[in-house]
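[1] coords below, sequence missing:
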């Protein structure tokens, strides 16, 4: 049953209602703005707004719909965009004071594709400076809070994006992910997120340093954050494709996933890992999922794993990610030769993953080692410590599972599957073979159907 507030509907439900003239784009826009007015002072997810242009574009969408015309598959859908991605005519800062007055003249290709499909961009969402953290705070816009517990971080770096989606401030979002920045906030805020295979969605227009936007970084991807797997598929289909310079000759034809249910699907499971501390309450939620999958007919394999060493692989992955992200702070710690050797190691690791996926259709693993933790802004990413259960562990370990998957270019869908006794969302990664993004999303949706799926945070009811 749909909520009485269309701002909490999935994008797919919203677009169907708009097409049937049962919902106006302006009506949806006003419902989202009302939520921003009511909730954003406490959550601080949205950092920039252009309400006048947004309402004007939604009014035009309603006029076209009344005349039987459509702008595309996202006709009349109002959205916000992570502030690390360039949007024409709308301040885009990367979370840094160095770009506090930066108003791009052109959209990033991913934003342009959303506009061509009929979406209206009316705001930007908060993030850490240069997207360099698993939380969302910066000197200009302050701290974004988790909508499930304001004393905790929403995840990052797309923390404002995930919090805005969870509370109905936007229909969906586009985040960035180089070390878990779509998957971690999606899990922490209880929504769906998809980290595409590397290279599937153009990442030009990414602001990771003062002169950023003109090149694509290794590992980094743009991906959708939404309230359903159906929405992820819709947004992926709109945004996936070559960069403009390659579109002259290149085409993208992602394999389809025909699974209608979980019956017969070969699902590998990698939950327990002795080299990583993991929150016991989170693990209880993850393990409770397995009988549900078996009951639905899935062939669950908890014994077979890829022929890799997790600790070595995630450490190597963090080295590669660090080299790619180091441009943000002019880090010269990794030489080009270092990167070349790491890239060769990655090629061998990717081959091991490809062999593993001959035996399973998808792998399930944690998104992070813990659900959302209390705000932790002292020191740096490398110097901080945090609590995981009763243990004091290095903050950098928060990204171990995300780095393991992202650094080898695999697609991964973050799916909400339950809550801890304290009410914190728990997510899971559904990982598929390279370029099998539709498999990750489809199976993620089927898992959500037998698990928890998206719930509205109590503060947003």
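    The structure has been received and is ready for your questions. Keep in mind the model is a prediction, meaning the values are calculated, not measured.
[2] Show me the contact partners of the helix or strand hosting residue 288.
    Assigning secondary structure by DSSP states H and E places residue 288 in helix 280-295. With CB atoms under 8 Å, 6 or more residues apart in numbering as the test, helix 280-295 has contacts from 262, 267, 269, 271-272, 300, 302, 364, 366, 370-371, 389, 417-422, 426, 428, 447, 450-451. In this view, the C-beta of every residue, glycine as well, is placed from N, C-alpha and C.
[3] following that helix, which helix or strand comes up?
    In N-to-C order, the element after helix 280-295 by DSSP H and E is strand 299-301.
[4] helices and strands around that next one, which ones?
    strand 266-269, helix 280-295 (3 or more CB pairs under 8 Å, 6 or more residues apart in numbering; DSSP states H and E).
[5] in it, what counts as buried?
    residue 300 (16 or more other CB atoms under 10 Å).
[6] For it, which outside residues touch it?
    264-269, 290, 293-294, 359-360.
[7] In this protein, which helix is the longest?
    Longest helix in the chain by number of residues (criterion: DSSP state H): helix 336-356.
[8] Is there a neighbour count for residue 174? I'd like the number.
    Applying the criterion other CB atoms under 10 Å, we find 28 residues in the vicinity of residue 174.
[9] Just list the residues touching it, thanks.
    Contacts of residue 174 (CB under 8 Å, 6+ apart): 79, 81-82, 85, 110-111, 114, 161, 222-225, 235, 239.
[10] Out of these, the closest to residue 318 would be?
    The closest of these to residue 318 turns out to be residue 223 (CB to CB; 19.5 Å).
[11] Tell me the secondary structure at the closest one.
    Secondary structure assignment for residue 223 (DSSP: H, G, I helix; E, B strand; the rest coil): strand.
[12] any idea how far it is from residue 56?
    From residue 223 across to residue 56, the span is 29 Å (CB to CB, to the nearest Å).
[13] neighbour count winner among these two?
    residue 223 (30 against 14).
[14] hang on, that one packs against residue 195?
    Yes: look at residue 223 against residue 195 with CB atoms under 8 Å: they come within range, at 5.0 Å.
[15] what do these two both touch?
    With CB under 8 Å, 6+ apart, residue 223 and residue 195 have common neighbours 177, 182.
[16] how many degrees apart are the lowest-mean-pLDDT helix or strand in the chain and helix 336-356 in direction?
    Among the helical and strand segments of the chain, the one scoring lowest on mean pLDDT, DSSP states H and E is helix 310-325, with a mean of 85. Orientation check (axes from the mean of the first three to the mean of the last three CA atoms, to 10 degrees): helix 310-325 against helix 336-356 gives 130 degrees.
[17] who touches helix 310-325?
    130, 132, 178-179, 208, 217-220, 273, 275-276, 331, 333-334, 338-339, 342-343, 345-346, 349, 396, 399-401, 403-404, 406-408.
[18] Could I get the buried residue list for that helix?
    In helix 310-325, counting by 16+ other CB under 10 Å, buried: 310, 313-314, 316-325.
[19] How far does that helix sit from its chain's centre?
    In terms of CA atoms, centre = their mean, to the nearest Å, the centre of helix 310-325 is set 19 Å apart from its chain centre.
[20] Repeat that for stretch 430-440.
    Worked out by CA atoms, centre = their mean, stretch 430-440 lies 15 Å from the chain centre.
[21] Ok, stretch 40-49 next?
    18 Å.
[22] Identify all contacting residues around that stretch.
    36, 80, 83, 90-91, 122-126, 140-145, 147, 150, 154, 159-161, 163-164, 167, 169-170, 459.
[23] List the buried residues in that stretch.
    Buried residues in stretch 40-49 (16+ other CB under 10 Å): 40, 43-49.
[24] pretty sure residue 451 contacts residue 419?
    No: using CB under 8 Å as the test, residue 451 is too far from residue 419 to be in contact (10.7 Å).
[25] before we move on, the earlier item: so which of the buried residues of stretch 40-49 are in strands?
    46-49 (DSSP state E).
[26] quick one: the nearest residue to residue 142 once chain neighbours are set aside from residue 167, how far?
    Using CB to CB, 6 or more residues apart in numbering and skipping the chain neighbours, the partner closest in space to residue 142 is residue 44 (5.7 Å). As defined by CB to CB, residue 44 lies at a distance of 11 Å from residue 167.
[27] Tell me, how many residues neighbour the residue nearest to residue 126 when sequence neighbours are not counted?
    Leaving aside its sequence neighbours, residue 126 sits nearest to residue 160 (CB to CB, 6+ apart; 3.3 Å). Neighbourhood size, residue 160 [other CB under 10 Å]: 35.
[28] thinking residue 160 is in contact with residue 128, fair?
    No: between residue 160 and residue 128 there is no contact, the gap being 9.8 Å when judged by CB under 8 Å.
[29] Residues that sit against both of the two, list them.
    With CB under 8 Å, 6+ apart as the test, residue 160 and residue 128 both reach residue 136.
[30] where does the stretch 351-461 of the chain dip in pLDDT?
    Nowhere does the stretch 351-461 of the chain drop to pLDDT under 70.
[31] which residues in it form strands?
    362-366, 385-388, 391-394, 412-419, 425-431 (DSSP state E, counting those that start in this stretch).
[32] again with the stretch 1-150 of the chain
    46-49, 78-82, 120-125, 137-138, 142-143.
[33] Put together CSV for those, with mean pLDDT and distance to residue 62 on each row.
    As requested, the strands of the stretch 1-150 of the chain are arranged in CSV below (pLDDT from 0 to 100; distance: least, CB to CB, whole Å):
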stretch, mean pLDDT, distance to residue 62
strand 46-49, 98, 20
strand 78-82, 98, 12
strand 120-125, 98, 11
strand 137-138, 98, 36
strand 142-143, 98, 35
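[34] of all those, which lies closest to residue 382?
    strand 137-138 (16.9 Å).
[35] Please flag which of the contacts of helix 310-325 sit within helices.
    338-339, 342-343, 345-346, 349, 400-401, 403-404, 406.
[36] Okay, residue 107 and residue 263: tell me how far apart.
    43 Å.
[37] When those two are compared, which one has more neighbours?
    More crowded of residue 107 and residue 263, by other CB under 10 Å: residue 107, with 23 against 11.
[38] Tell me the confidence at the nearest residue to the more buried one once chain neighbours are set aside?
    Nearest non-adjacent residue to residue 107, counting by CB to CB, 6+ apart: residue 88, 4.6 Å away. Note for residue 88: predicted pLDDT of 98.
[39] contacting residues around residue 88?
    Applying CB under 8 Å, 6+ apart, the residues contacting residue 88 are 104-107, 111.
[40] Let's verify residue 236: helix, strand, or coil?
    helix.
[41] so which of the strands of the stretch 351-461 of the chain gets nearest residue 245?
    strand 412-419 (27.3 Å).
[42] who touches the closest one?
    Contacts of strand 412-419 (CB under 8 Å, 6+ apart): 182-184, 186-187, 190-195, 229, 232, 285-286, 288-289, 367, 405-406, 425-432, 440-441, 443-445, 447-448, 451-455.
[43] what do you get if the cut-off is 7 Å, keeping everything else the same?
    183, 186-187, 190-195, 229, 232, 285, 288-289, 367, 405, 425-431, 440-441, 444, 447-448, 451-454 (CB atoms under 7 Å, 6 or more residues apart in numbering).
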